[in-house]
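Engineer: with the input below, show me the fold.
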Amino acid sequence: MSQRRTPDGVLPETFARNERDLAVAWLKYSIEKFRANIKRLKIGSTQELYNSLKGELLSSAGADELKIRLSYAVHGMFVDMGVGRGMAAGVTKAYGAEYRRRRDGQGRLLRHERRAKRWFSKQMGRETKRLSELASELWGQVMLASAEAAVPTTAAEIIF
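Structural biologist: So this is what the prediction gives:
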């Protein structure tokens, strides 16, 4: 989200505070929803992914831009896509009975059938859309307030 400046170059403090508050509230809510997804889908027995979810608000030196960073353990991406824990590198059919006992005809481990657990991708799409709606609403309120402030309070005379 970028912040606009008034014609005289001054950034309205109330708007900047409102935009930061919006971003912080959105980030807190989003992390709660991601954690709820992790619990609902029963991802991880060590709670490493759950505890690794962190968010922070970043702003540049001039405070013209407001950036949001969401970080989590890298294996969360693989869980979301449904990949990982396949056949180890270098394991071949030459291992004989041990290979066949633990794997199906295509070489996949029988006890670790992977399915995608969409804890992140769908939720991130929803949350990003909602953030854009909230930011648009905030910008709309600012534009209305600016237009309202620009209207003269005294009657204007037009002489022909």
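
Engineer: show me which residues of the longest helix seen in the chain are buried.
Structural biologist: In terms of residue count, the longest helix belonging to the chain (DSSP state H) is helix 121-150. Buried positions in helix 121-150, judged by neighbour count with 16 or more other Cβ atoms under 10 Å: 123, 124, 127, 131, 134, 135, 138, 142. Placement of C-beta: from N, CA and C, glycine included.

Engineer: residue 29 and residue 131, how far apart?
Structural biologist: To residue 131, residue 29 is 10 Å away according to Cβ to Cβ, to the nearest Å.

Engineer: now swap in residue 59 and tell me
Structural biologist: 16 Å.

Engineer: same deal with residue 31?
Structural biologist: 13 Å.

Engineer: and residue 22, by the same measure?
Structural biologist: From residue 22 to residue 131 the distance is 8 Å (Cβ to Cβ).

Engineer: repeat for residue 33
Structural biologist: For residue 33, the distance to residue 131 - Cβ to Cβ - is 12 Å.

Engineer: again with residue 43
Structural biologist: Distance from residue 43 to residue 131, by Cβ to Cβ: 24 Å.

Engineer: could you do residue 106 as well?
Structural biologist: 42 Å.

Engineer: and residue 44, by the same measure?
Structural biologist: Distance from residue 44 to residue 131, by Cβ to Cβ: 27 Å.

Engineer: can you show me the strands along this protein?
Structural biologist: 54-59, 66-71 (DSSP state E).

Engineer: would you list those in CSV and tack on mean neighbour count, mean pLDDT and distance to residue 116?
Structural biologist: Formatted as CSV, the strands of the chain follow (neighbours: other Cβ atoms under 10 Å; pLDDT from 0 to 100; distance: least, Cβ to Cβ, whole Å):
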stretch, mean neighbour count, mean pLDDT, distance to residue 116
strand 54-59, 13, 88, 23
strand 66-71, 14, 88, 20
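
Engineer: so can I have TSV of the ones you listed showing distance to residue 83?
Structural biologist: Below are the strands of the chain laid out as TSV (distance: least, Cβ to Cβ, whole Å):
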stretch	distance to residue 83
strand 54-59	24
strand 66-71	20
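
Engineer: which one of these lies nearest to residue 79?
Structural biologist: Closest to residue 79 of the strands of the chain is strand 66-71 (Cβ to Cβ; 15.5 Å).

Engineer: tell me the strands beside the closest one, with direction?
Structural biologist: If you go by DSSP bridges, strand 66-71 pairs up with strand 54-59 (antiparallel).

Engineer: give me the pLDDT for residue 65.
Structural biologist: Here the pLDDT value assigned to residue 65 is 76.
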